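Chemist: Have a look; sequence and predicted model below, questions after that.
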Amino acid sequence: MTRGGVVGGRLTDWVSLGVLTASVPRDVVDEVVAVAGRQARRVGGKLPPHVMVYFAMAMALFADEDYEEIAVRLGETLSGWGCWDAQWSPPTSGGIAQARARLGFEPVRALFERVAVPVAGELTRGAWLGDRRLMA
């Protein structure tokens, strides 16, 4: 499927989701899911916990979109990186809501605490105003 002139989705979607998945490694996602006790209950489910963690983050990137559209965008991106089974069909909004409820907030909060760190270091030019780190 071609949308926005790019096969498999809009270029901005690929960049946004690419930065997201590059900044939040899968092994860290799996670790926080395991610590929270939210591992998949069955093998081969459409919405495993790691996908739902990325889905929760993608909802922030695409706040104006509905669940199904976000799932399609995320699925296309993860498929491009070999992290999504191409045989799966996009889930329904009901299935997504149930999977979000199973996941809960704990893994997402723990993940944020692990990966949300300042990008600029003390020597990063333009990141400081006197002794204060710029946040915008």
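Modeler: Structure's in. What do you need?
Chemist: what helix or strand does the most centrally placed residue in the chain sit in?
Modeler: The geometric centre of the chain, computed from its C-alpha atoms, lies nearest to Y54 (Cα atoms, centre = their mean), at 2.3 Å. Under the assignment given by DSSP states H and E, the secondary-structure element containing Y54 is helix 49-61.
Chemist: What is that helix packed up against?
Modeler: Applying 3 or more Cβ pairs under 8 Å, 6 or more residues apart in numbering; DSSP states H and E, one finds that helix 49-61 contacts helix 11-23, helix 26-35, helix 67-80, helix 93-103, helix 106-115. Using the backbone N, CA and C atoms, a C-beta is placed for each residue, glycine as well.
Chemist: Run through who's touching the second one.
Modeler: Among residues not part of helix 26-35, those counted as contacts by Cβ atoms under 8 Å, 6 or more residues apart in numbering are Q39, P49, H50, V53, Y54, C83, L103, P107, A110, L111, R114, V115.
Chemist: which residues touch stretch 60-72?
Modeler: Looking at what lies outside stretch 60-72 - Cβ under 8 Å, 6+ apart - the contacts are 13, 16-17, 20, 55, 58-59, 73, 90-93, 96-97.
Chemist: Kindly recompute the last result at 6 Å.
Modeler: S16, A58, M59, P90, P91, S93, I96 (Cβ atoms under 6 Å, 6 or more residues apart in numbering).
Chemist: got TSV for the helices and strands packed on helix 49-61, with mean neighbour count and mean pLDDT too?
Modeler: Compiled in TSV, the helices and strands packed on helix 49-61 are given as follows (neighbours: other Cβ atoms under 10 Å; pLDDT from 0 to 100):
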stretch	mean neighbour count	mean pLDDT
helix 11-23	15	70
helix 26-35	16	94
helix 67-80	20	79
helix 93-103	15	91
helix 106-115	16	94
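Chemist: Go through those and name the closest to G45.
Modeler: Nearest to G45 among the helices and strands packed on helix 49-61 is helix 93-103 (8.2 Å), distances taken as Cβ to Cβ.
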